[in-house]
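Visitor: what's the 3D shape of this:
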Amino acid sequence: MREPLILNESDNVAILTEKGIAPAGHKIARQAIAKGAPILKFGQIIGFATTDILAGDHVHSHNCAFGEHGSDYRPGAALAEARAALAAHPRDGLTFQGYHRAGGQVGTRNFVALVSTVNCSATVIRRAAEELRIEGALEPFPNVDGVVAFAHGSGCGMADSGPGWLALQRVLTGHAGHPNVGAALFVGLGCEVMQIARMKQDLGEAAHFHGLTIQDNGGTRRTIDAIKARVRDLLPAVNDVTRAPAAVSALRIGLQCGGSDGFSGITANPALGLSSDMLAAQGASVVLSETPEIYGAERLLLDRAASPKVADKLLERIAWWRDYTAKNGASLDNNPSPGNKAGGLTTILEKSLGAVAKAGQAPLEAVLDYAEPITAPGLNFMDTPGYDPVSATGQIAGGAQLIVFTTGRGSAFGSKPAPTLKLATNNALFRAMPDDMDLNCGDILSDGVSLADKAREIVDLILTTASGQPSRSEALGLGDNEFVPWQIGAVV
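Guide: Okay, here's the model as predicted:
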């Protein structure tokens, strides 16, 4: 049996790399730990012993619990080191083949988007997209990746101003104006809160999109036919755009993890973090999200905040989440799912420390509201829930042309119009779900592959996918049901 893995000499637990007293990925005590004493992993507190623990004991939910973690914030304390770490990477040279759009954006895919403003128009856009597919409408247009219907369950029964309305507006307009979208058509019922005319008025001249409503077009069947006719008119111009070389600085990459396990913070997440640094050094934007899943590790981001304003915004969002969860009878402390726990993660502190590893070592340049446009090169943080479809929807609305998603338990996630790449944290998962996993990071432990070599593999995969190579989730047809805008506020 292989020796358990020690991540930091100050740790009082080690990680099983194969099944022993507990499943692989779980923790055992390196020494006796007294009741009430902190439990250390990654050199950080992940919880506190709820009973006396003997050396060699399994350390998990039965004897380790969440407790108050340090809040000795030092915004910007590690900024100089972060800038030096980023400067150590090559500053130019990486390119991909993308679709160049007006205004300077570059797409990695070329879709026609049908966007419902309200749940009432969800069926007509889905039916129109499906009928166009069955009729073979796209066959003469090889440069068009598809007609995708972005349907959702909101748009009415909501306030006509405030955070919820603004978030949904940013999601809808962000998908319509996404660099991976060659043309977009908004479809409403006509009487909903999320009015097409008001969206155009609020956005001004920036709103270059088409729109129609069911009520104005004479009902469901006539609207489906009108949508199909409009799409057929748009297809030739969308098809005329072809791929051309683009600098990697045009990329915005969403960083995601789901179904995390005890290996996530050891293999795939730090490898993705290093690849994020490589891309950020060349001007790309990388976007960490899921505010409930950085709770307990926020200090690692605050230490490298590029300005006091950035640090204050992150702290404000964490405070908002504490209040939001409390009002809804929940707690940020309860985030790890049953699957996370089965994979070896015990507390939110442990999960967050692994999740933040996806962000690498770069300075934190910006903190964004949900679905806010991504404009700052380098590391960004977007405030989103931890629920993967909602979080990725926000990142894509902000302009992410690609999502990179690490998983240890296994995920069948995909997304449109931005493809998702899935990285397995362990060999067993990669063998078990070969059709879903794009890259294996388990060989970091099993074969001694270095984080640097794995990071270069990830960068290569990102660039080939950005240039048109289909991801596993695209080959499986995933992505039509993962458009899930965050519903903030009361349903009235």
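
Visitor: Where does pLDDT dip in the stretch 201-350 of the chain?
Guide: Applying pLDDT under 70 to the stretch 201-350 of the chain flags the ranges 202-208, 334-335.

Visitor: which residue ranges form the strands in it?
Guide: Along the stretch 201-350 of the chain, counting by DSSP state E, counting those that start in this stretch, strands occupy 210-213, 243-247, 252-257, 285-288.

Visitor: can you dump the C-alpha coordinates of the second one into CSV?
Guide: Only the C-alpha atoms of strand 243-247 are listed here, as CSV (Å, rounded to 0.1, in the frame of the first residue of the first chain):
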residue,chain,number,x,y,z
ARG,A,243,-11.9,31.4,-38.2
ALA,A,244,-8.7,33.4,-38.2
PRO,A,245,-5.7,33.6,-35.8
ALA,A,246,-6.3,35.5,-32.5
ALA,A,247,-4.1,36.2,-29.6
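
Visitor: Now find how far off-centre it is within its chain.
Guide: Mean-position distance between strand 243-247 and its chain equals 24 Å (Cα atoms, centre = their mean, to the nearest Å).

Visitor: cool, and the last one?
Guide: From the chain centre to the centre of strand 285-288 is a distance of 9 Å (Cα atoms, centre = their mean).

Visitor: Next: stretch 449-458.
Guide: 21 Å.

Visitor: cool, stretch 282-299 as well?
Guide: Using Cα atoms, centre = their mean, the offset of stretch 282-299 from its chain centre is 10 Å.

Visitor: measure it end to end?
Guide: Stretch 282-299 has an end-to-end distance of 26 Å (Cα to Cα, to the nearest Å).

Visitor: Provide the backbone phi and psi angles at the residue lying closest to residue 232 once chain neighbours are set aside.
Guide: Excluding the flanking residues, the one nearest residue 232 by Cβ to Cβ, 6 or more residues apart in numbering is residue 137, at 6.2 Å. C-betas here are computed from N, CA, C, even on glycine. Per-residue torsions, residue 137: phi -60, psi -30 (degrees, to the nearest 10).

Visitor: Please work out how many residues are found near residue 137.
Guide: Applying other Cβ atoms under 10 Å, we find 18 residues neighbouring residue 137.

Visitor: Kindly report the same for the one 3 residues further on.
Guide: The number of residues packed near residue 140 is 10, by other Cβ under 10 Å.

Visitor: Surely it is in a strand?
Guide: No - under DSSP: H, G, I helix; E, B strand; the rest coil, residue 140 falls outside any strand and is assigned coil.

Visitor: Please report the distance of it from residue 182.
Guide: 15 Å (Cβ to Cβ, to the nearest Å).

Visitor: quick revisit: separation between the residue nearest to residue 232 and residue 229?
Guide: Noted for residue 137: a distance of 11 Å to residue 229, by Cβ to Cβ.

Visitor: With just CA atoms, put the longest strand along the chain into PDB.
Guide: In the chain, assigned by DSSP state E, the strand with the most residues is strand 181-188. Only the C-alpha atoms of strand 181-188 are listed here, as PDB (Å, rounded to 0.1, in the frame of the first residue of the first chain):
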ATOM      1  CA  VAL A 181     -23.100  34.100 -31.000                       C
ATOM      2  CA  GLY A 182     -23.200  35.300 -34.600                       C
ATOM      3  CA  ALA A 183     -26.900  36.400 -34.500                       C
ATOM      4  CA  ALA A 184     -29.500  36.500 -31.800                       C
ATOM      5  CA  LEU A 185     -33.300  36.800 -31.600                       C
ATOM      6  CA  PHE A 186     -35.200  37.800 -28.500                       C
ATOM      7  CA  VAL A 187     -38.700  36.300 -28.100                       C
ATOM      8  CA  GLY A 188     -41.300  37.400 -25.500                       C
END
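
Visitor: Give me the mean pLDDT for it.
Guide: Averaged over strand 181-188, pLDDT sits at 95.

Visitor: packing partners for it?
Guide: Contacts defined by 3 or more Cβ pairs under 8 Å, 6 or more residues apart in numbering; DSSP states H and E place strand 181-188 against strand 111-116, helix 163-176, helix 196-203, strand 210-213, helix 220-239.

Visitor: now the angle from that strand to strand 111-116?
Guide: Compare the direction of strand 181-188 with that of strand 111-116 by axes from the mean of the first three to the mean of the last three Cα atoms, to 10 degrees and you get 20 degrees.

Visitor: Sheet partners, orientation included, of strand 181-188?
Guide: strand 111-116 (parallel), strand 210-213 (parallel) (DSSP bridges).

Visitor: can you list the domains in this protein?
Guide: With domains defined by automatic domain parsing, the chain comprises 13-65, 79-90+246-475, 111-240.

Visitor: hmm, back to that, so which of the strands of the stretch 201-350 of the chain gets nearest residue 404?
Guide: Nearest of those to residue 404, taken as Cβ to Cβ: strand 252-257 at 6.0 Å.

Visitor: Put the alpha carbons of the closest one into PDB.
Guide: C-alpha atoms of strand 252-257 as PDB (Å, rounded to 0.1, in the frame of the first residue of the first chain):
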ATOM      1  CA  ARG A 252     -12.100  34.700 -21.100                       C
ATOM      2  CA  ILE A 253     -12.100  31.400 -19.300                       C
ATOM      3  CA  GLY A 254     -14.600  30.400 -16.600                       C
ATOM      4  CA  LEU A 255     -13.200  28.200 -13.900                       C
ATOM      5  CA  GLN A 256     -15.600  25.700 -12.400                       C
ATOM      6  CA  CYS A 257     -15.500  22.700 -10.100                       C
END
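
Visitor: roughly how far apart are the most centrally placed residue in the chain and residue 400?
Guide: Nearest residue to the geometric centre of the chain (Cα atoms, centre = their mean): residue 256, 3.6 Å. Residue 256 sits 10 Å away from residue 400, going by Cβ to Cβ.

Visitor: Determine the residues that are contacts of both of the two.
Guide: Shared contacts of residue 256 and residue 400, defined by Cβ atoms under 8 Å, 6 or more residues apart in numbering, are absent.

Visitor: Deepest-packed of the strands paired with strand 181-188, please.
Guide: Here the criterion is mean neighbour count by mean count of other Cβ atoms under 10 Å, and of the strands paired with strand 181-188 the winner is strand 111-116, at a mean of 26.

Visitor: Give me the angle between it and helix 220-239.
Guide: Using the same axes, to 10 degrees: strand 111-116 against helix 220-239 is 150 degrees.

Visitor: if you average pLDDT over strand 111-116, what comes out?
Guide: Here the average pLDDT along strand 111-116 is 97.

Visitor: Next: stretch 423-441.
Guide: What stretch 423-441 shows for mean pLDDT is 98.

Visitor: thinking again about what came up before, tell me if I'm right that the residue nearest to residue 232 and residue 234 touch.
Guide: No - contact criterion Cβ atoms under 8 Å: residue 137 and residue 234 do not qualify, at 10.8 Å.

Visitor: quick one, helices of the stretch 251-400 of the chain?
Guide: Chain-ordered helices for the stretch 251-400 of the chain, with DSSP state H, counting those that start in this stretch as the definition, fall at 268-280, 298-302, 308-327, 338-342, 348-356, 388-397.

Visitor: Tell me who's in contact with the spatially closest residue to residue 283 that is not a sequence neighbour.
Guide: Leaving out its chain neighbours, the residue that sits closest to residue 283 by Cβ to Cβ, 6+ apart is residue 249, at 3.1 Å. Contacts here follow Cβ under 8 Å, 6+ apart; on that basis residue 249 touches 282, 283, 284, 377.
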